[in-house]
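K.L.:
quick one: sequence and predicted model below, then my questions.
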Amino acid sequence: MQNRHKKWKTLLSLLMCGIMLMGCTASKTRGPQKDSLVMENEGTRAVSTSFLGGQDVMPITGYVGPYQHAYSVDGNVFPNYITDEYYKMISEVGINLIVSSFTDYADAPKAIEKCLELAGKYGVGMFVTDRNVTRKTEQDEITVEEVAKEIVNYSDYDAFCGMYMVDEPQATYYSMGDGSRLIGKYEQLADVLHNKLDILTYCNAFPINDLGRNRESYERYIKEYCDVLQPKVLCWDYYPFDEYRKGQMKVYFYNMDLIRRTAEERNIPFWAYIQAGAQWNDSWEELPSKTPYWPNEFQFNWNVNTSLAFGAQGIQYFPLLQPYQFTLAEDGKWDFERNGIIGAAGNKTQWYYYAQEINKHIGAIDEVLMNSVNKGVIVSGEQAKADMSLTTCEIKDGTFNQLKSVTGDAMVGCFNYQGKTALYVVNYSMEHAQKITLTFDGSQNVKMIQNAEESYVKGKALTLDMAAGEGILLVLE
């Protein structure tokens, strides 16, 4: 039975001692550079929580968690998602943290408490949305005591991992909405949550969609976002697979490179969003369904694996649970298959199975990636080099420590893993399996993790048989 009656003064004292969040930081690095063969242990910038398993466990999150059902279709009410069935389903797909749902503690405290109970039962952490806290941005002054008093009712639950603060805050010069969520409004609240109470929050930045018009303003926006909000984790959401952006991988990598570089400068980790389906429908229109649904499995895996190669220390799937309006199709029909890890009718979509498989792989490699510092990316192949032409983290000479060459269409994330060389090799092709060959400066003992299976190889050259979009972790022992 959870203790929900602890006095807020006691909570405040505990929070200010920082027991709610386990995270390690390391000294700042200066971007990709050619290191000597012997590297110092740089530690890590990664952030996780004790509930998820501590520092070695990568947050694998979902946006749009179980919420109170409020809609019906042809007289049939949508499922009640706040049940054992759906939390078990979320746990079994490999997601360990829910950063947002459509249920607010200010409106439905019992529903949030039920969510926290179920999340704790199935080992899934949760960020709480509470308008009683976020609307304090309308005040002239926000105190630690009043915020701590608001969250005391749910912060003692084991599954409580943080707060939902704001999605895509805006700047006057960089806005994609009505301008009501200006970054400056959240400065005091962010200071209280991040610095005074040491609470992890969800505060996600806008992406950039058009390199031709607003690169300068976007870079200014990301700087202001970090200066004002001082996030513990930097995240943004860019979805590369849709009818408008398909093929614009130069934008995808420019955006990720800027986020990576900013995270490095701020000595914080970044979490990358992964696209689970397409045809978002925020406008509530009757959109005709387009098939085959995308991204396919190879594209989906490529999205995850390129993010990991860049140094992402958290993965976020959107949407976890398909929002009601995303189902609206033409002629009054409904489509529960075109997006979401779980469809709004409670069905497992194709992305459920894709995520389940790659999450097993992440679970086998996350200890290495969470305890490493990304030093840059090697790219091999004409298309990869073209797509990466605007990035700053590419290691231009194609070598890193013992690694002397890469052949094939590949991306190789280069890491300092507690003084050892770690490499995350990605088949850059989303269409074809291929062999990727790495050549070293001498015979190497290599631990290899592929498809969540660990093996050991030795040699001066290593040829990897890789499926389209696949990623393989190598640690040079």
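P.N.:
Sure, I can see it.
K.L.:
assumed residue 184 was part of a helix.
P.N.:
Yes: if the criterion is DSSP: H, G, I helix; E, B strand; the rest coil, then residue 184 is within a helix.
K.L.:
how many residues are close by it?
P.N.:
Close neighbours of residue 184, defined as other CB atoms under 10 Å, add up to 14. From N, CA and C alone the C-beta is placed, and that goes for glycine too.
K.L.:
now swap in residue 462 and tell me
P.N.:
20.
K.L.:
show me where pLDDT drops low in the chain?
P.N.:
For the chain, the stretches flagged by pLDDT under 70 are 1-38, 75-76, 177-179, 243-247.
K.L.:
what's the single longest helix in it?
P.N.:
helix 350-370 (DSSP state H).
K.L.:
and that one, how far out from the chain's middle?
P.N.:
12 Å (CA atoms, centre = their mean, to the nearest Å).
K.L.:
by contact count, what packs against it?
P.N.:
Packing contacts for helix 350-370, counted by 3 or more CB pairs under 8 Å, 6 or more residues apart in numbering; DSSP states H and E, involve helix 84-93, helix 297-309, strand 315-318, strand 410-417, strand 420-427, strand 434-450, strand 471-476.
K.L.:
flag every buried residue along it.
P.N.:
350-352, 354-355, 357-359, 361-366, 368-370 (16 or more other CB atoms under 10 Å).
K.L.:
for stretch 413-425, same thing?
P.N.:
Buried-residue list, stretch 413-425, by 16+ other CB under 10 Å: 413, 414, 415, 416, 417, 418, 420, 421, 422, 423, 424, 425.
K.L.:
repeat that for stretch 174-193.
P.N.:
174, 175, 183, 185, 186, 187, 188, 189, 190, 191, 192, 193.
K.L.:
just the closest of the residues you listed to residue 144, please.
P.N.:
Of all the buried residues of stretch 174-193, residue 144 sits closest to residue 192, with 5.5 Å by CB to CB.
K.L.:
residues near residue 405, how many?
P.N.:
With other CB under 10 Å as criterion, residue 405 counts 15.
K.L.:
tell me which helix or strand it sits in.
P.N.:
strand 403-407 (DSSP states H and E).
K.L.:
so for that strand, what gets flagged as buried?
P.N.:
403, 404, 406.
K.L.:
measure the second one to residue 72 for me?
P.N.:
By that I understand residue 404. 63 Å (CB to CB, to the nearest Å).
K.L.:
now the terminal residues of stretch 399-415, how far apart.
P.N.:
12 Å (CA to CA, to the nearest Å).
K.L.:
so what's the gap between it and the chain middle?
P.N.:
25 Å.
K.L.:
could you do stretch 248-255 as well?
P.N.:
17 Å.
K.L.:
and for it, what are the contacting residues?
P.N.:
Applying CB atoms under 8 Å, 6 or more residues apart in numbering, the contact partners of stretch 248-255 are 207-211, 215, 236, 238, 240, 245, 386-391.
K.L.:
how about 6 Å then?
P.N.:
Residues outside stretch 248-255 that contact it (CB atoms under 6 Å, 6 or more residues apart in numbering): 207, 208, 211, 238, 240, 387, 388, 390, 391.
K.L.:
so who does the fifth one touch?
P.N.:
Residues in contact with residue 240 (CB under 6 Å, 6+ apart) are residue 252.
K.L.:
surely it is in a strand?
P.N.:
No: checked against three-state DSSP, residue 240 lies outside a strand; its state is coil.
K.L.:
I'd like to know how far it sits from residue 271.
P.N.:
Taking CB to CB, one finds residue 240 at 17 Å from residue 271.
K.L.:
repeat that for residue 358.
P.N.:
15 Å.
K.L.:
same question, residue 319
P.N.:
When residue 319 is compared with residue 271 (using CB to CB), they lie 16 Å apart.
K.L.:
also residue 381?
P.N.:
Distance, residue 381 to residue 271, using CB to CB: 27 Å.
K.L.:
who has more neighbours, those two?
P.N.:
Just comparing residue 381 and residue 271: by other CB under 10 Å the higher neighbour count belongs to residue 271, 25 against 19.
K.L.:
all helices of the stretch 51-200 of the chain, in order?
P.N.:
In the stretch 51-200 of the chain, the segments counted as helices under DSSP state H, counting those that start in this stretch are 84-93, 109-121, 131-134, 144-151, 187-190.
K.L.:
burial count for the closest residue to residue 45 other than its chain neighbours?
P.N.:
Counting by CB to CB, 6 or more residues apart in numbering, residue 45 lies nearest to residue 269, which is 4.8 Å off, once chain neighbours are set aside. Around residue 269 there are 26 other residues, counting by other CB under 10 Å.
K.L.:
what residues are up against residue 269?
P.N.:
Counting by CB under 6 Å, 6+ apart, the residues that residue 269 touches are 45, 46, 47, 233, 313.
K.L.:
and it, backbone torsions?
P.N.:
phi -80, psi 170 (degrees, to the nearest 10).
K.L.:
again, but for the one 5 residues further on
P.N.:
Dihedral angles phi and psi of residue 274 (degrees, to the nearest 10) take the values phi -120, psi 140.
K.L.:
now do the same contact list for residue 415.
P.N.:
So residue 415 contacts 372, 374, 422 (CB under 6 Å, 6+ apart).
K.L.:
in a helix, the second one, correct?
P.N.:
This points to residue 374. No: secondary structure of residue 374 (three-state DSSP): strand, not part of a helix.
K.L.:
residues contacting it?
P.N.:
311, 415.
K.L.:
and what of the first one?
P.N.:
With contacts taken as CB under 6 Å, 6+ apart, residue 372 has the following neighbours: 415, 417, 422.
K.L.:
show me where the stretch 201-350 of the chain has strands.
P.N.:
201-204, 234-236, 270-275, 315-318 (DSSP state E, counting those that start in this stretch).
K.L.:
backbone dihedrals for the nearest residue to residue 69 once chain neighbours are set aside, both of them.
P.N.:
Closest residue to residue 69 apart from its sequence neighbours, by CB to CB, 6+ apart: residue 78 at 4.4 Å. Dihedral angles of residue 78 (phi, psi; degrees, to the nearest 10) stand at phi -60, psi 160.
K.L.:
fine, thanks again, bye for now.
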